[in-house]
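Undergrad: sequence first, then the predicted structure:
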Amino acid sequence: MKKSVGKWILFGLGLAFSSFAFGETGEAVGKNWAPIAAAIAIGMGAFGAASGQGKAASAALEGVARNPGSRGEVFTPLILSLVFMELQALLCFVIAFMVMG
């Protein structure tokens, strides 16, 4: 399976389950789907952050391996990008808690 197909499947599942959680007007029906939507939000956030951090670290290490003198110039942008990716995962965690209510 191609990577892009897997991303679209994951996106479709998240979209489908989040619509169940927020689309119903009944109080009981929305609360029944809230744990599933929260679990998917945490899973997607963790998956996105982990894959992005892996790619960023790989690219930074390749750059330093090709040019060891660029270590200082690569380090700060790498750390900033890792912080922003981790923030994405933490925001998904906060959104999941908000959905649970």
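TA: All right, it came through fine. Numbering: from 1, shown residues only.

Undergrad: show me where pLDDT drops low in the chain?
TA: 1-3, 6, 14-31 (pLDDT under 70).

Undergrad: name the single longest helix found in it.
TA: helix 27-66 (DSSP state H).

Undergrad: which parts of that one are buried?
TA: 30, 33-34, 37-38, 40-42, 44-45, 48-49, 52-53, 56, 60, 64 (16 or more other C-beta atoms under 10 Å). C-beta coordinates here come from the backbone N, C-alpha and C atoms, glycine included.

Undergrad: again with stretch 94-101
TA: Residues A96, V99 are the ones in stretch 94-101 that count as buried (16+ other C-beta under 10 Å).

Undergrad: look through this structure and report the residue furthest from the middle.
TA: Centroid-distance maximum for the chain: G69 at 32.5 Å, with C-alpha atoms, centre = their mean.

Undergrad: still on that earlier bit, what's the angle from the following helix or strand past the longest helix of the chain to helix 27-66?
TA: Using DSSP states H and E, the next helix or strand after helix 27-66 towards the C-terminus is helix 71-100. Interaxial angle of helix 71-100 relative to helix 27-66 (axes from the mean of the first three to the mean of the last three C-alpha atoms, to 10 degrees): 170 degrees.

Undergrad: tell me what helix 71-100 is packed against?
TA: helix 27-66 (3 or more C-beta pairs under 8 Å, 6 or more residues apart in numbering; DSSP states H and E).

Undergrad: and the helix it packs on, what does it pack onto?
TA: helix 3-23, helix 71-100.
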